[in-house]
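Q: let me see the structure of the following:
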Amino acid sequence: MGITKLADLIRLDAPDAISHKDISAYTGKVIALDTSVVVNQFRAATPSLSPLTGLFFRTLTFLEHDIKPVFVFDGKPPVEKRAILEKRAETAGRNFPNFTGTASSQIKDCHKLLKHLGVPVIQAPGDAEALCARLVKDGTVDAVASEDMDTLPFGANILIRQLNAKKDSDVVEYSLPKLLEKLQISHEEFVDLCILLGCDYCDKIHGLGPRRALTLIRTHRTIEEVVLHINRQTHPVPNSWKYKEARKVFLDAPPTWVPELVWAEPDEEALVGFLCHSNQKKVERVRRRMERFREKRENIRNKREKEKEAGPNKQTHIEDFFRVTRKRNHPVEVTSSTSGNKKIKQ
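A: You can find the predicted model right below:
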């Protein structure tokens, strides 16, 4: 779920914290991805197909742009998340929510696929978005790519949404430092704001909209003080409200050992064997995509080398200054294991 209506609040009250970029802006960057979000995207978009196919194509898109993806997997969810997991399981028609963090057969297949693609995989002890945010704060990666906004209260300085290569699609980037500066609140106050808006780890005060919640935090600075100054009749406070526990989840993530991140060349034969299972049409499709991957990556690298050789004397064109994108009135948002292959040239 992420944080309820946080994207809308930022768009209205801190638009300077948002920038729109092309996927090429992230060439050479190390990007952490919340794998469950990526997999769920493909489940929703193509329910009749395995999300492994989408993960295969998406990862190759990153690699051919020389983006260095790091896929982070969920571990055991915090106890504060039990209620929302039960609700999601009921909505999805599942009887038993996964409270143990045990990897399903599909998640294990994702591990295998990513190993064959030669990209690093990290197993988080808890929620993947918390570890993704820590990787950014520690400087291990440059940004987090996720559609969930809760990586921001976890402390990710840069959050990227819509990181794909679709035509007429901008990548949307959020800057946490700019956001806090514009809203004139500290990170701790921002966490309290996100809890008031609604998060995965506790209930919220009903009837409290984003603008009102922001005003209350700016005025009173903590949830404790907010509770003392609201109308309990119009904004009832939940019984046994565990906002302190939710605050601790966001602010006190335990330190986690991170393996050395190594990227290797995709193993085409292993990918064909893993994805195709003697289906000749799939074999041809995978091999064609791998061929396009190699050609496109080489073309991008050659172009970059020529630009580097040209240096500051490179002749510029008007298109270099004004990139043509779709017309719009407002920004549009949509809601280490490695193979033993040869390392990719950096």
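Q: next SSE after the host helix or strand of E189?
A: Element membership for E189 (DSSP states H and E) is helix 187-197. The C-terminal neighbour of helix 187-197 among helices and strands, as given by DSSP H and E, is helix 210-220.
Q: can I see the domain layout of this structure?
A: 6-181, 185-251, 268-311 (automatic domain parsing).
Q: so can I have TSV of those showing distance to V258?
A: Placement of C-beta: from N, CA and C, glycine included. Output for the domains of the chain, formatted as TSV (distance: least, Cβ to Cβ, whole Å):
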stretch	distance to V258
domain 6-181	6
domain 185-251	20
domain 268-311	25
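Q: with respect to P259, which of those domains lies nearest?
A: Nearest of the domains of the chain to P259, taken as Cβ to Cβ: domain 6-181 at 6.9 Å.
Q: any weak-confidence spans in the stretch 1-150 of the chain?
A: 1, 89, 92-99 (pLDDT under 70).
Q: what are the boundaries of the strands in the stretch 201-346 of the chain?
A: Read by DSSP state E, counting those that start in this stretch, the stretch 201-346 of the chain holds no strands at all.
Q: where exactly do the helices run in it?
A: Counting by DSSP state H, counting those that start in this stretch, the stretch 201-346 of the chain has helices at residues 210-220, 223-228, 243-251, 268-276, 280-310, 318-321.
Q: angle of the longest one against helix 268-276?
A: Just to be clear, that refers to helix 280-310. Interaxial angle, helix 280-310 versus helix 268-276 (axes from the mean of the first three to the mean of the last three Cα atoms, to 10 degrees): 140 degrees.
Q: can you name every helix or strand that helix 280-310 contacts?
A: helix 51-64, helix 268-276 (3 or more Cβ pairs under 8 Å, 6 or more residues apart in numbering; DSSP states H and E).
Q: tell me the buried residues in it?
A: Neighbour counts using 16 or more other Cβ atoms under 10 Å place 285-286, 290, 293, 296-297 of helix 280-310 among the buried residues.
Q: before we move on, back to that, which other helices and strands does the helix holding E189 contact?
A: Using 3+ Cβ pairs under 8 Å, 6+ apart, helix 187-197 sits against helix 6-13, helix 176-183, helix 210-220, helix 223-228, helix 243-251.
Q: I'd like the ones you listed laid out as CSV, including mean neighbour count.
A: Output for the helices and strands packed on helix 187-197, formatted as CSV (neighbours: other Cβ atoms under 10 Å):
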stretch, mean neighbour count
helix 6-13, 18
helix 176-183, 17
helix 210-220, 18
helix 223-228, 16
helix 243-251, 19
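Q: of those, which is nearest G126?
A: Closest among those, using Cβ to Cβ: helix 243-251, at 8.4 Å.
Q: ok, back up a step: chain center to the helix holding E189, what's the gap?
A: Counting by Cα atoms, centre = their mean, to the nearest Å, helix 187-197 is centred 20 Å from the centre of its parent chain.
Q: pick out the shakiest of the helices of the stretch 201-346 of the chain, pLDDT-wise.
A: If the helices of the stretch 201-346 of the chain are sorted by mean pLDDT, helix 318-321 sits at the bottom with a mean of 39.
Q: wait, a strand at E173?
A: Yes: the assignment for E173 by DSSP: H, G, I helix; E, B strand; the rest coil puts it in a strand.
Q: how close does it get to L261?
A: Applying Cβ to Cβ, to the nearest Å, the value for E173 to L261 is 22 Å.
Q: quick one on the thing from earlier: to W257, which of the domains of the chain lies closest?
A: With Cβ to Cβ, the closest approach to W257 among the domains of the chain belongs to domain 6-181: 9.5 Å.
Q: what's the end-to-end length of the closest one?
A: Its start and end residues considered, domain 6-181 measures 16 Å (Cα to Cα, to the nearest Å).
Q: swap in stretch 231-250?
A: This stretch, stretch 231-250, spans 27 Å end to end (Cα to Cα).
Q: chain center to that stretch: distance?
A: Distance of stretch 231-250 from the chain centroid (Cα atoms, centre = their mean) equals 27 Å.
Q: can you list contacts of the helix holding E189?
A: The contact list for helix 187-197 (Cβ atoms under 8 Å, 6 or more residues apart in numbering) reads 3-6, 9, 150, 152-153, 155, 176, 179-180, 183, 185, 201-202, 204-205, 208, 210, 213-214, 216-217, 221-223, 226, 243, 246-247, 250-251.
Q: cool, stretch 240-247 as well?
A: By Cβ under 8 Å, 6+ apart, stretch 240-247 touches 80, 191-192, 195, 199, 201-203, 223.
Q: can you flag the buried ones in these?
A: Buried among these (16+ other Cβ under 10 Å): 80, 191-192, 195, 199, 201-203, 223.
Q: contact partners for R58?
A: Contact analysis of R58 by Cβ under 8 Å, 6+ apart lists 38, 42, 164.
Q: and if we set it to 10 Å?
A: 33, 38, 41-42, 51, 69, 163-165 (Cβ atoms under 10 Å, 6 or more residues apart in numbering).
Q: and what of K5?
A: By Cβ under 10 Å, 6+ apart, the contact list for K5 reads 11-12, 149, 197-198, 209-211, 213.
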